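S.K.: Generate a structure from the sequence data that follows.
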Amino acid sequence: MATAIIDLDRILGATSEPVRPSDEVRRKVLAISAESERYLAHRFGIAWDDVR
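M.R.: A predicted model of the protein is given here:
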């Protein structure tokens, strides 16, 4: 998970131009979010459906 965040940071920080949203970046962010939810659910037993 940390590696995915670092990789995304490198991609977004590779230019001095303003960051523009793209489908690729959105997919990566959603994948990181989903992985985070799974980790927290497994590690701490968080039932995300109860929170939504």
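S.K.: Poorly predicted segments of the chain, please.
M.R.: 52 (pLDDT under 70).
S.K.: what about 80?
M.R.: 21, 48-52 (pLDDT under 80).
S.K.: what's the longest helix in it?
M.R.: The longest helix of the chain (DSSP state H) is helix 23-44.
S.K.: Enumerate the positions of that helix that are buried.
M.R.: Judged by neighbour count (16 or more other CB atoms under 10 Å), helix 23-44 contains these buried residues: 28, 32. Where C-beta positions appear, they are placed from N, C-alpha and C, glycine not excepted.
S.K.: so what does that helix touch, helix or strand wise?
M.R.: Secondary-structure packing of helix 23-44 (3 or more CB pairs under 8 Å, 6 or more residues apart in numbering; DSSP states H and E): helix 2-12.
S.K.: can you list contacts of the helix it packs on?
M.R.: Applying CB atoms under 8 Å, 6 or more residues apart in numbering, the contact partners of helix 2-12 are 19, 25, 28-29, 31-32, 35.
S.K.: nearest residue to residue 37 other than its sequence neighbours?
M.R.: residue 48 (5.7 Å; CB to CB, 6 or more residues apart in numbering).
S.K.: In this structure residue 41 contacts residue 48, no?
M.R.: Yes - counting by CB atoms under 8 Å, residue 48 is a contact partner of residue 41 at 6.3 Å.
S.K.: Kindly format the C-alpha coordinates of the longest helix of the chain as CSV.
M.R.: C-alpha atoms of helix 23-44 as CSV (Å, rounded to 0.1, in the frame of the first residue of the first chain):
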residue,chain,number,x,y,z
ASP,A,23,-8.8,8.0,-15.4
GLU,A,24,-5.5,6.4,-14.7
VAL,A,25,-4.9,8.5,-11.6
ARG,A,26,-8.5,8.0,-10.4
ARG,A,27,-8.1,4.2,-10.7
LYS,A,28,-4.9,4.2,-8.7
VAL,A,29,-6.4,6.3,-6.0
LEU,A,30,-9.5,4.1,-5.8
ALA,A,31,-7.3,1.0,-5.7
ILE,A,32,-5.2,2.5,-2.8
SER,A,33,-8.4,3.4,-0.9
ALA,A,34,-9.9,-0.1,-1.4
GLU,A,35,-6.7,-1.7,-0.2
SER,A,36,-6.7,0.5,2.8
GLU,A,37,-10.2,-0.5,3.7
ARG,A,38,-9.4,-4.2,3.3
TYR,A,39,-6.3,-3.9,5.5
LEU,A,40,-8.2,-2.0,8.3
ALA,A,41,-11.1,-4.4,8.1
HIS,A,42,-8.7,-7.4,8.5
ARG,A,43,-6.4,-5.8,11.0
PHE,A,44,-8.9,-4.1,13.3
